[in-house]
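Participant: Provided below for reference: sequence and predicted model.
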There are 2 protein chains.
Amino acid sequence: MSIVRKSYGERAKLSTNDLSKKMFDLMEKKQTNLSVAVDVTKKRELIEIADKVGPYICLLKTHIDIVEDFDNDLVEQLKRLAKKHNFLIFEDRKFADIGSTVQLQYSSGIYKIASWADITNAHPIPGEGIITGLKSIGLPLNRGLLLLAEMSSAGSLATGSYTDATISMARRHKDFVMGFVAGRRLSDREGEDFITMSPGVGLDDKGDSMGQQYRTPKEVIGACGSDVIIVGRGIYGKGKDVVKEAKRYRDAGWAAYLGRIE
Amino acid sequence: MSIVRKSYGERAKLSTNDLSKKMFDLMEKKQTNLSVAVDVTKKRELIEIADKVGPYICLLKTHIDIVEDFDNDLVEQLKRLAKKHNFLIFEDRKFADIGSTVQLQYSSGIYKIASWADITNAHPIPGEGIITGLKSIGLPLNRGLLLLAEMSSAGSLATGSYTDATISMARRHKDFVMGFVAGRRLSDREGEDFITMSPGVGLDDKGDSMGQQYRTPKEVIGACGSDVIIVGRGIYGKGKDVVKEAKRYRDAGWAAYLGRIE
């Protein structure tokens, strides 16, 4: 049976990647495949949104390096909220450097990403050394990595043989690479289960002026076989009722999933 | 006459990009095409190395996000050293996200990269929106961008049509894109001058265990037509005499350049 017909709960049982197992488990338990991308520049606002959307998400996606008043207390508060609402944290760092550099960027500096982000992601562009480098830091801490196999922005170069090479790299590091950031399910090989997370999801808008393009949860989860919808400004943009929108996207994502597995 | 036969001084006069002009001018004046990549995790060490190599370099390359005790004073000290020794600063951020995100990552957060780094770089992978986003912040501040057209690490996916697409993007944004990070000169079109900077340069070692590969200044500047050699651990690695190594690489880079233009 194709992976897209299986429930998240079944996949939790079958997965060989520890963090994927944990992720599928909490998706099944909380009945949500929604990740909220909180792209705000103030600590207070980030915490506020995380606390509001917390009950409805499986994963909180951060860009920690855009927060102007970042401090260690922000990390502590995020960890506390993750525990309170049972979600994982995904720092969308998009690592894209050679192995020895990403080791330091992931473990050190002001942010010490590996110490608090359950999941991070990387572009495969530098070659396999980027995975080896990140894995040396992340695997002992039970972290997981997503590879950017595709991007939702206009004119992205992550297509064709680039995407294929990304899948091959992931297959060689299944202990650490839990899946892909991509617009659609990329592999459906028997006995293999890469989780797929898709950004660029919106119920109301079609895109922005800088090349970002949006699709609906039904397209992404249903037609394209992705597992997690990543929603940003659609939930906390100007004038939005954050809780109401989070529920609305959670419901839309979950309905699309139920329609797919039934 | 091919650009690789022209002196940096002539190219300063002909360039249509303001920051390239400034860069070529100071290279000619200081007689150096050496950039030192200072990949250290302590502020004090970063400042110390920058001050020592300052007289011999055209460009100081930083990974600001690996510095554990980063603060605003570090930025002030780097700016002071750049003035004292007449070099530019290149934050090797490798931006790799969509336009609206990189705008924030470049201008905001703890680091405010656009406020102090003359040059930064980006992967073209998300499509042209990444350039538009960065340009909206950087151009008004007279900053310049390098696109990562190739990488020196083993198994890099930045090859072939990916590299070609990068060159096309650069041509559409010559006001902001000053050139490429690449292993070799990529374009030699009449009336066009993209500066080429090459990492992975070493006189003694062949590579590291995570896929980084090294070439000599003569290969990079002479045979491959690059303009700037980027050297890291070869200069300040364990047991090295930093000043002596900086001079040695400066001399090797400059000799390769003189051999090329004569």
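Facilitator: Okay, I see it.
Participant: what ranges do the helices span in chain A?
Facilitator: A:8-14, A:18-30, A:43-53, A:72-85, A:99-107, A:129-138, A:160-171, A:217, A:233-236, A:242-261 (DSSP state H).
Participant: out of these, deepest packed?
Facilitator: Using mean count of other Cβ atoms under 10 Å in any protein chain shown, the stretch among the helices of chain A with the greatest mean number of neighbours is helix A:217 (a mean of 26). C-beta here means a position set from N, CA and C on the backbone, and glycine is covered the same way.
Participant: looking at chain A, which helix or strand is least sure?
Facilitator: Across the helices and strands of chain A, mean pLDDT, DSSP states H and E gives its lowest value to helix A:233-236, namely a mean of 94.
Participant: For chain B, tell me whether that helix is touching it.
Facilitator: No. With Cβ under 8 Å from any Cβ of the partner chain as the measure, helix A:233-236 is seen stopping short of chain B, the closest distance being 8.7 Å.
Participant: Find out how far that helix is from the centre of the chain, if you would.
Facilitator: 16 Å (Cα atoms, centre = their mean, to the nearest Å).
Participant: any idea which residue sits dead centre in chain A?
Facilitator: Centroid check for chain A by Cα atoms, centre = their mean gives A:Met197 as the closest residue, at 5.4 Å.
Participant: For burial, what's the neighbour tally of the closest residue to that residue other than its chain neighbours?
Facilitator: Excluding its sequence neighbours, the residue lying closest to A:Met197 (Cβ to Cβ, 6 or more residues apart in numbering or on different chains) is A:Val228, at 4.1 Å. By other Cβ atoms under 10 Å in any protein chain shown, the residues close to A:Val228 number 29.
Participant: Tell me where the longest strand sits in chain A.
Facilitator: Assignment by DSSP state E gives strand A:88-95 as the longest strand of chain A.
Participant: Give the rounded mean pLDDT of that one.
Facilitator: For strand A:88-95, mean pLDDT rounds to 98.
Participant: Render the CA-only coordinates of stretch A:114-130 in CSV, please.
Facilitator: Extracted C-alpha coordinates of stretch A:114-130, given in CSV (Å, rounded to 0.1, in the frame of the first residue of the first chain):
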residue,chain,number,x,y,z
ALA,A,114,21.2,22.1,17.8
SER,A,115,20.6,22.6,21.5
TRP,A,116,16.9,23.5,21.1
ALA,A,117,15.6,22.9,17.5
ASP,A,118,14.3,19.3,17.1
ILE,A,119,14.4,19.7,13.4
THR,A,120,16.5,21.9,11.0
ASN,A,121,17.0,21.9,7.3
ALA,A,122,19.7,22.1,4.7
HIS,A,123,20.2,22.7,1.0
PRO,A,124,22.0,19.7,-0.6
ILE,A,125,23.9,22.1,-2.9
PRO,A,126,27.4,21.8,-1.2
GLY,A,127,27.3,18.0,-1.6
GLU,A,128,27.0,15.2,1.0
GLY,A,129,29.5,16.9,3.4
ILE,A,130,26.8,19.2,4.6
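Participant: ok, it near chain B or not?
Facilitator: Yes. With Cβ under 8 Å from any Cβ as the measure, stretch A:114-130 is seen reaching chain B through A:His123, A:Pro124, A:Ile125, A:Pro126, A:Gly127, A:Glu128, A:Gly129, A:Ile130.
Participant: any chance of those in CSV, plus distance to A:Leu34?
Facilitator: Converted to CSV, those look like this (distance: Cβ to Cβ, whole Å):
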residue, distance to A:Leu34
A:His123, 24
A:Pro124, 26
A:Ile125, 29
A:Pro126, 31
A:Gly127, 33
A:Glu128, 32
A:Gly129, 33
A:Ile130, 28
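Participant: Next, format the residues you listed as JSON lines and append pLDDT.
Facilitator: Below are these laid out as JSON lines (pLDDT from 0 to 100):
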{"residue": "A:His123", "pLDDT": "98"}
{"residue": "A:Pro124", "pLDDT": "98"}
{"residue": "A:Ile125", "pLDDT": "98"}
{"residue": "A:Pro126", "pLDDT": "97"}
{"residue": "A:Gly127", "pLDDT": "97"}
{"residue": "A:Glu128", "pLDDT": "97"}
{"residue": "A:Gly129", "pLDDT": "96"}
{"residue": "A:Ile130", "pLDDT": "98"}
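Participant: so the residue nearest to the centre of chain A sits right up against A:Val231, yeah?
Facilitator: No. Checked against Cβ atoms under 8 Å, the pair A:Met197 and A:Val231 is beyond contact range at 11.2 Å.
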